[in-house]
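Novice: give the three-dimensional model of this entry:
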Amino acid sequence: MELSGARWRKSSRSSGNGGACVEVADNLPGVVAVRDSKDPAGPALTFTPAAWRTFVVRVAERG
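Specialist: Modelled structure (predicted):
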């Protein structure tokens, strides 16, 4: 999948000290991409927007 137009943003929970965090790109039509911020040239996982929303809701429920 082509992700060259992705606008990546870090998690709002990132500490900013170089720790483990993820970046999300949700500006692409029909896909949400997720990658490791420490390896921006590495692989990215892709999800449908519905699957990503479900994931985010379930994580938030677990607090």
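Novice: what number of residues lie near V59?
Specialist: 9 (other C-beta atoms under 10 Å). For the C-beta atoms, the positions are set from N, CA and C on the backbone; glycine is no exception.
Novice: show me what the helix or strand of the chain with the lowest mean pLDDT is packed against.
Specialist: When each helix and strand of the chain is scored by mean pLDDT, DSSP states H and E, strand 9-10 comes last, with a mean of 91. If you count contacts as 3 or more C-beta pairs under 8 Å, 6 or more residues apart in numbering; DSSP states H and E, strand 9-10 packs onto strand 22-25.
Novice: alpha carbons of the following helix or strand past the strand it packs on, as PDB, please.
Specialist: For strand 22-25, the following helix or strand on the C-terminal side (DSSP states H and E) is strand 32-36. Listed in PDB are the C-alpha atoms of strand 32-36, where the atom choice follows Å, rounded to 0.1, in the frame of the first residue of the first chain:
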ATOM      1  CA  VAL A  32      -5.700   4.300   8.900                       C
ATOM      2  CA  ALA A  33      -1.900   3.600   9.100                       C
ATOM      3  CA  VAL A  34       0.100   3.000  12.300                       C
ATOM      4  CA  ARG A  35       3.900   2.800  12.600                       C
ATOM      5  CA  ASP A  36       6.600   2.700  15.200                       C
END
